[in-house]
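Q: model this:
(one chain, ligands or ions: 1)
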Amino acid sequence: MAQLQRIAIAPNQFQQGQISLTTEQQHYLGRVLRLRAGDRFIAMDGKGKWWLAQLEGEQAQVLEILTVETELFVSITLMVALPKGNGFDEIVRCCTELGVTCITPVLSDRTLLHPSHQKLERWRRIATEAAEQSERAFVPKILEPVAFSAALTDSVATHRYICEARGDYPHLNNVIQYDSSEIVIATGPEGGWTQTEIDSAIASGFQPVSLGRRILRAVTAPVVALTLVSAGCEV
Ligand code: SAH
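A: The predicted model follows:
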């Protein structure tokens, strides 16, 4: 099955064993991937379901329901302060590959970027493409950007960590616990978190943690955090 191309469809495109393809998907399958009638591909709904499908013009016939077991067994939400430029694209792509469940873009005190709605659409597209390529069963949710204070109060998971580059904090690897179904990890912008942000995160129940002795870039830190989590819960 590995060689078959994968495309994400909306759950309502699947009905009674058939997938009705959008014009864009027909173009992608026919013109970009050069599939012809009768050729097979994998359709995924981004919510846990995969189907082996056969192209038939504007529709595809579902041949088989496939089992995918590529998800982490804990749900990981990353709260990421928006970095400069297009840095967030890279974070979305890499963290999707690594198994993130949800990413909340956060506007922090030192965030320079206030993204447009087109950015959000773009990040969601990147997450879908990365999930297709990584053979994920789920496409991670990319939420609307929120102020850091709102992100703190919205989050209710019992295991919450805030990564801080300076200070004598324990390493994430030494404190993280996988006995919960949901873990939240926050990483800051290029200029770092302000002391007020760290204090209010702690007051909201976040544990400050280190990712090692070197200062990582804002784009590298979430990728490192997620790598540690996936290594920790898959071995
Ligand atoms: N300019 C800041 C560093 C910001 S790094 C300074 O000099 O202090 C961007 C973000 O990545 C930080 O806010 C933190 O969340 C995370 N980060 C980078 N390196 C880290 C480390 N060694 N441990 C924990 N978090 C780190």
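Q: tell me the pLDDT at H114?
A: H114 carries a pLDDT value of 80.
Q: number of nearby residues for whatever residue of the chain ends up closest to the ligand?
A: Residue nearest to the ligand within the chain (C-beta to the nearest ligand atom): G188, separated by 2.3 Å. All C-beta atoms are positioned from the backbone trio N, CA, C, and that covers glycine. Residues near G188, counting by other C-beta atoms under 10 Å, number 27.
Q: which ones are touching the closest residue to it other than its chain neighbours?
A: Using C-beta to C-beta, 6 or more residues apart in numbering and skipping the chain neighbours, the partner closest in space to G188 is A81 (4.8 Å). Listed by C-beta atoms under 8 Å, 6 or more residues apart in numbering, the contact partners of A81 are V106, L107, S108, R110, T111, F148, A186, T187, G188, P189, W193, A218.
Q: equivalent analysis for V209, please.
A: Applying C-beta under 8 Å, 6+ apart, the residues near V209 are Y161, I162, C163, E164, Y169, P170, H171, L172, V175, I176.
Q: could you redo the last one with a cut-off of 6 Å?
A: Y161, C163, Y169, L172 (C-beta atoms under 6 Å, 6 or more residues apart in numbering).
Q: how close does the last one sit to W123?
A: Using C-beta to C-beta, to the nearest Å, L172 is found at 24 Å from W123.
Q: look at the nearest residue to G99 once chain neighbours are set aside and report its pLDDT.
A: Spatially, and ignoring its direct neighbours in sequence, G99 is nearest to L72 (4.3 Å; C-beta to C-beta, 6+ apart). On pLDDT, L72 comes in at 92.
Q: tell me the phi and psi of L72?
A: phi -70, psi 150 (degrees, to the nearest 10).
Q: number of nearby residues for it?
A: 20.
Q: next one: F73
A: 10.
Q: just the element for it, please.
A: Using DSSP states H and E, F73 sits in no helix or strand.
Q: so what's the nearest residue to it once chain neighbours are set aside up against?
A: Leaving aside its chain neighbours, F73 sits nearest to C233 (6.2 Å; criterion: C-beta to C-beta, 6+ apart). Shown in contact with C233 (C-beta under 6 Å, 6+ apart): L72, V74, Y178.
Q: so the spatially closest residue to L112 that is not a sequence neighbour versus R122, what's the distance?
A: In this structure, L112 finds its nearest non-sequential neighbour in K84, 5.8 Å apart by C-beta to C-beta, 6+ apart. According to C-beta to C-beta, K84 stands 16 Å off from R122.
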